[in-house]
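In: give me coordinates for this.
(2 chains)
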Number of protein chains: 2
Amino acid sequence: MKLYELAAADGRRFSPYCWRIRMALALKGMSATPAPVEFQQIPALFGGTGKSVPTLELDDGEVIVDSFAIALWLDEMNPVRPLFTSSTARSHCRVIEGWANTAVAAEVRNMIIMDIWKAQSPENQAYFRASREKRFGRRLEDIQQGREDRAATFNTVTMAPLAHALGHARWLGGNEPDYADCLVFGSLVWGPIISDFPILNDGPVKDWFARCCGLLKDEPEVAALRF
Amino acid sequence: MKLYELAAADGRRFSPYCWRIRMALALKGMSATPAPVEFQQIPALFGGTGKSVPTLELDDGEVIVDSFAIALWLDEMNPVRPLFTSSTARSHCRVIEGWANTAVAAEVRNMIIMDIWKAQSPENQAYFRASREKRFGRRLEDIQQGREDRAATFNTVTMAPLAHALGHARWLGGNEPDYADCLVFGSLVWGPIISDFPILNDGPVKDWFARCCGLLKDEPEVAALRF
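Out: The predicted model follows:
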């Protein structure tokens, strides 16, 4: 299997959605050959039909697009160490996915968007700036501006559901990590990979984050993180 | 069983945590005699040991405090139609509980806090204003101020995880409602019960909210809601 993952000019992989799948693979004890691609290479994948990353390409040429779809497929193909222990868990993970996308990953993005831009090659910088400034209706500089204040709120308010859950269990999935952990970890880890801006304060959430990193110590971007 | 629930001067029950348990009872087909109490009556409960509501009092005099603890106990006592279908579901519900408390219920509160105050008896108004203004460091009027703008963000941003999940399943628990639905429904329904301020825009989230209300049509506060 080959996993197409978003990468910066220097090869660092930095997509929150791709890191969800890297953690999912680690939880299941599976591996996939990394196929790092930069933003503007995505549409050219698979004979011009590339849509988004992560995309998983199977040995028979079949491709699976979308991180949640890939996670479901991993469990179908290999039921050992399930990411979703029941259909209820799957539905709960949709709630947590929605929160991870629209709160966690979005707020991290707004704190590091200039650092993401800086890490791209010149042509990808131009693409990233134009597409994101159109999408968000503001200059990248203005989006990132004020991140110190927002980081404080991020820790006390946005992270509050995690701190609450981690007061009751070691992982978001309970005694063992599951796809809920992958969802939130992916939404956080791209920050410190692509940016020096500190996002997590010391405390139970950072401790859990470090435990997740420990599961991914074979991935160079994660192994390079310092706490 | 008797369920102690927070009530306003006219008897309307309006606690987000208590409504979680009313919905949980409805899902399980169980009932509990309502024991409505106003804010200042709580400490006097059970010979002066009352802590918070909801509190469930069993026929043998045992009391269970805290909504999540009550939900767990309901499943233990009566495993039929479980609120939590697995230990993973329980852990996921802790994440969703954290989000429901710190995002949903907190933002609804900030939109209706003056309406909550208005619905109390004079002595409970005084208690509520003093305790909340101390806790939040602002006057009730200032907390509620600007709620029209915040309601727009509440629908598009705060409710985004729900809209996302409801794009994949009819209930947050999947094909059937479970405690995840109770958590979020309770965090929303106290708004329209105690305030005329419209909180939910039309759309899939409001449709799900209406379905939840349909499960509670025997409760007068819910039956009185108009969409």
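
In: ok, and for the host helix or strand of A:Ile64, which residues are buried?
Out: Here A:Ile64 sits within strand A:63-65, counting by DSSP states H and E. Counting neighbours by 16 or more other CB atoms under 10 Å in any protein chain shown, one finds that the buried residues in strand A:63-65 are A:Ile64, A:Val65. C-beta coordinates here come from the backbone N, C-alpha and C atoms, glycine included.

In: give the rounded mean pLDDT of the helix or strand following it.
Out: Moving toward the C-terminus from strand A:63-65, the next helix or strand (DSSP H and E) is helix A:67-77. In this model, helix A:67-77 has a mean pLDDT of 98.

In: flag every buried residue along helix A:67-77.
Out: A:Ser67, A:Phe68, A:Ile70, A:Ala71, A:Leu72, A:Leu74, A:Asp75.

In: just the helices in chain A please.
Out: Secondary structure of chain A (DSSP state H): helices located at A:16-28, A:45-48, A:67-77, A:87-99, A:106-118, A:122-136, A:140-144, A:147-153, A:160-166, A:179-194, A:204-215, A:220-223.

In: let me have those in JSON lines, extended by distance to chain B.
Out: JSON lines is the format used below for the helices of chain A (distance: least, CB to the nearest CB, whole Å):
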{"stretch": "helix A:16-28", "distance to chain B": "13"}
{"stretch": "helix A:45-48", "distance to chain B": "26"}
{"stretch": "helix A:67-77", "distance to chain B": "9"}
{"stretch": "helix A:87-99", "distance to chain B": "3"}
{"stretch": "helix A:106-118", "distance to chain B": "9"}
{"stretch": "helix A:122-136", "distance to chain B": "13"}
{"stretch": "helix A:140-144", "distance to chain B": "15"}
{"stretch": "helix A:147-153", "distance to chain B": "12"}
{"stretch": "helix A:160-166", "distance to chain B": "3"}
{"stretch": "helix A:179-194", "distance to chain B": "6"}
{"stretch": "helix A:204-215", "distance to chain B": "11"}
{"stretch": "helix A:220-223", "distance to chain B": "22"}
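
In: lowest mean pLDDT across the ones you listed, which one is that?
Out: Looking at these, the bottom one is helix A:45-48 with a mean of 94.

In: quick one on the thing from earlier: helices and strands around the strand holding A:Ile64, which ones?
Out: Strand A:63-65 sits against strand A:55-57, with contacts defined as 3 or more CB pairs under 8 Å, 6 or more residues apart in numbering or on different chains; DSSP states H and E.

In: coming back round to it: now tabulate the buried residues of helix A:67-77 in a markdown table and tack on distance to A:Thr85.
Out: Shown next, in a markdown table, are the buried residues of helix A:67-77 (distance: CB to CB, whole Å):
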| residue | distance to A:Thr85 |
| --- | --- |
| A:Ser67 | 19 |
| A:Phe68 | 16 |
| A:Ile70 | 18 |
| A:Ala71 | 13 |
| A:Leu72 | 13 |
| A:Leu74 | 14 |
| A:Asp75 | 9 |
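
In: for stretch A:135-144, what is the spacing between the initial and final residues?
Out: Distance between the two ends of stretch A:135-144: 15 Å, counting by CA to CA, to the nearest Å.

In: just checking, A:Met159 touches A:Val205?
Out: Yes - at 5.0 Å, A:Met159 and A:Val205 qualify as touching, with contact defined as CB atoms under 8 Å.

In: comparing the two, which residue is more hemmed in?
Out: Per other CB atoms under 10 Å in any protein chain shown, whichever of A:Met159 and A:Val205 has more neighbours is A:Met159, with 27 against 20.

In: list the buried residues for stretch A:213-224?
Out: A:Cys213, A:Leu215, A:Leu216, A:Glu219, A:Glu221, A:Val222.

In: out of those residues, the closest to B:Arg94 would be?
Out: Distance to B:Arg94 across the buried residues of stretch A:213-224 (CB to CB) is lowest for A:Leu215, with 20.6 Å.

In: surely that closest one touches A:Leu27?
Out: Yes - A:Leu215 lies in contact with A:Leu27 (CB under 8 Å); the separation is 6.9 Å.

In: list the contacts for the closest residue to A:Leu58 other than its chain neighbours?
Out: Using CB to CB, 6 or more residues apart in numbering or on different chains and skipping the chain neighbours, the partner closest in space to A:Leu58 is A:Met1 (5.8 Å). Residues counted as contacts of A:Met1 (CB atoms under 8 Å, 6 or more residues apart in numbering or on different chains) are A:Ser31, A:Ala32, A:Thr33, A:Leu56, A:Glu57, A:Leu58, A:Asp59.

In: pipe these into TSV and attach pLDDT and neighbour count per row.
Out: Shown next, in TSV, are those (pLDDT from 0 to 100; neighbours: other CB atoms under 10 Å in any protein chain shown):
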residue	pLDDT	neighbour count
A:Ser31	96	12
A:Ala32	98	19
A:Thr33	98	9
A:Leu56	98	24
A:Glu57	97	18
A:Leu58	96	13
A:Asp59	94	7
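
In: hang on, the earlier thing: ok, the residue nearest to A:Leu58 to chain B distance?
Out: 25 Å (CB to the nearest CB, to the nearest Å).

In: for that residue, give me the pLDDT.
Out: 96.

In: with A:Phe227 instead?
Out: 75.

In: count the neighbours of it for me.
Out: 11.
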